[in-house]
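**Student:** what follows is a predicted protein model with its sequence.
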Amino acid sequence: MRLTEPFNPPPPFRNPHLQTVLCSSRIRALRPTPMLKSAREVILTTGEGVRLLGYHSNQPTRPPRGMVILLHGWEGSSESIYIRRTGGTLFERGYAVFRLNLRDHGDSHHLNEGLFYASAIEEVFTAVSQIAGMQPVIPTFLVGFSLGGNFALRIALRCRQEPIANLKHVVSISPVLDPSEATDKIDSSGYILRYFLKKWRRSLQKKQALFPHRYDFNELLQLDSVRSVTEALLSDYSRYDSAREYFNAYTLVGEALHDIAVPTTLLTAEDDPIIGVEEFTRLRLNAHTSLAIQPYGGHNGFISGFSLNSWYEKPLADLFDATPDSE
């Protein structure tokens, strides 16, 4: 099975909003996974002193087929259901799994005084390089979801100048390509907007409580859109003059991905309520990069049916199994 093969869920599961909601539903977390039992906490420190929290699950009884690094989406974490389910499947297929938290995601707000910005690729690239170097003789694979998918694509681009020797394939699922457009789509969707604002406000309150001498978010926490909170946050606590300048720093449209040097696969759905499919049809890609656009799947969903499995999990493992040096 390949990621390019048709994903055709039964009719009750073709609604994109249902797909998007089920992606993070706790119902999907009821099944225990050996990956979580094997996980150990790791704090990675970059050259600039940034500390990022992750969880490494190594194979307990045999050498792993490879290392898979998972990057969650905005306001997700290493404990997000889609991360746990994907990691669990890959762990069962013989891979070591590293679930990396972006700054100020998961239980990591205390590790850095500075705020998270999606434009900060340096710290994530360095962390991924360090993780790949933990077991340098086995292949490494990088899988990112939504905003994590955007980071994964920028890491694939960065590898042209700074190769990660054992990084064999990058997969980007429902990646954010145009963050300005995605922000507008979130702000125009009631339940998605409520979901993200609730999680972001909670995160900012946690950061303020940890560093009260530096942050006062009380006014911006009253704002009622992602764009307005972004503008206020950038104005008070960043070097960016506007949300437009900030979003441009990690926009990946048109020819932006043409110089990718690592084998890379993009997976998205035509019905994604957050990421417009038009952004993908206008990409100019090179021979290292493949694009799979499915008619169904919502955002990060691709729920295959009443089992609540994500359809992409098996073809993802098949893809990695077929990569040279993954045995």
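**Tutor:** Cool, got the structure.

**Student:** what ranges do the strands span in the stretch 51-200 of the chain?
**Tutor:** Per DSSP state E, counting those that start in this stretch, the stretch 51-200 of the chain carries strands over the ranges 51-57, 67-71, 96-100, 140-145, 167-173.

**Student:** which helices and strands does the second one pack with?
**Tutor:** To tie it back to what came earlier, the one meant is strand 67-71. For strand 67-71, the packing partners by 3 or more C-beta pairs under 8 Å, 6 or more residues apart in numbering; DSSP states H and E come out as helix 81-92, strand 96-100, helix 121-134, strand 140-145, helix 147-158. No exception for glycine: its C-beta is placed from N, CA and C like everyone else's.

**Student:** which strands border it, and is each parallel or antiparallel?
**Tutor:** Its sheet considered, strand 67-71 pairs with strand 96-100 (parallel), strand 140-145 (parallel) by DSSP bridges.

**Student:** still on that earlier bit, redo the strands of the stretch 51-200 of the chain as CSV? Include mean neighbour count and mean pLDDT.
**Tutor:** Converted to CSV, the strands of the stretch 51-200 of the chain look like this (neighbours: other C-beta atoms under 10 Å; pLDDT from 0 to 100):
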stretch, mean neighbour count, mean pLDDT
strand 51-57, 21, 98
strand 67-71, 27, 98
strand 96-100, 28, 98
strand 140-145, 28, 98
strand 167-173, 26, 98
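
**Student:** nearest to residue 106, of these?
**Tutor:** Counting by C-beta to C-beta, residue 106 lies closest to strand 51-57 out of the strands of the stretch 51-200 of the chain; the figure is 6.0 Å.

**Student:** packing partners for the closest one?
**Tutor:** Secondary-structure packing of strand 51-57 (3+ C-beta pairs under 8 Å, 6+ apart): helix 34-38, strand 39-45, strand 96-100, helix 121-134.

**Student:** quick check: residue 163 touching residue 261?
**Tutor:** Yes: judged on C-beta atoms under 8 Å, residue 163 makes contact with residue 261 at a distance of 7.5 Å.

**Student:** any buried residues in the helix or strand of the chain with the lowest mean pLDDT, and which?
**Tutor:** Across the helices and strands of the chain, the lowest-confidence element by mean pLDDT, DSSP states H and E is helix 16-23, at a mean of 91. Buried residues in helix 16-23, counted by 16 or more other C-beta atoms under 10 Å: 16, 18, 19, 20, 21, 22, 23.

**Student:** before we move on, what about stretch 241-253?
**Tutor:** Applying a neighbour-count criterion of 16+ other C-beta under 10 Å, one finds 243, 246, 247, 250, 251, 252 buried in stretch 241-253.

**Student:** could you do stretch 64-84 as well?
**Tutor:** 64-84.

**Student:** pop the domain breakdown of this structure in here.
**Tutor:** 11-178+252-321, 179-250 (automatic domain parsing).

**Student:** so which of those is nearest residue 5?
**Tutor:** Distance to residue 5, taken as C-beta to C-beta, is lowest for domain 11-178+252-321 among these, at 7.1 Å.

**Student:** so can I have CSV of the helices and strands packed on strand 67-71 showing distance to residue 58?
**Tutor:** Converted to CSV, the helices and strands packed on strand 67-71 look like this (distance: least, C-beta to C-beta, whole Å):
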stretch, distance to residue 58
helix 81-92, 9
strand 96-100, 5
helix 121-134, 9
strand 140-145, 13
helix 147-158, 22
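
**Student:** out of these, nearest to residue 319?
**Tutor:** strand 140-145 (8.4 Å).

**Student:** now the closest one: how far from the chain's centre is it?
**Tutor:** Centroid separation between strand 140-145 and its chain, computed with C-alpha atoms, centre = their mean, to the nearest Å, is 8 Å.

**Student:** and for stretch 156-171?
**Tutor:** Taking mean C-alpha positions (C-alpha atoms, centre = their mean), stretch 156-171 and its chain are 16 Å apart.

**Student:** so what's the nearest residue to residue 58 once chain neighbours are set aside up against?
**Tutor:** With sequence-adjacent residues excluded and distances taken as C-beta to C-beta, 6 or more residues apart in numbering, residue 58 is closest to residue 96, at 4.8 Å. Shown in contact with residue 96 (C-beta atoms under 8 Å, 6 or more residues apart in numbering): 56, 57, 58, 59, 64, 66, 67, 68, 135, 138.

**Student:** ok, residues contacting stretch 272-283?
**Tutor:** Around stretch 272-283, the neighbours that count as contacts under C-beta under 8 Å, 6+ apart are 16-17, 20, 146, 174-178, 181-182, 185-186, 189, 192, 253-254, 256-257, 266, 268-270, 291, 293, 297-299.

**Student:** ok, stretch 111-118 next?
**Tutor:** Counting by C-beta under 8 Å, 6+ apart, 43, 50-53, 74, 102-105, 147, 150-151, 179, 207, 211, 214-215, 233, 237-238, 246, 250 sit against stretch 111-118.

**Student:** just the CA coordinates for it, please, in CSV.
**Tutor:** Provided in CSV are the C-alpha atoms of stretch 111-118 (Å, rounded to 0.1, in the frame of the first residue of the first chain):
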residue,chain,number,x,y,z
LEU,A,111,12.6,25.1,29.7
ASN,A,112,13.0,28.4,27.9
GLU,A,113,12.2,32.0,28.9
GLY,A,114,11.7,33.0,25.2
LEU,A,115,8.4,32.4,23.4
PHE,A,116,7.7,29.9,20.6
TYR,A,117,7.7,31.3,17.1
ALA,A,118,6.9,29.1,14.1
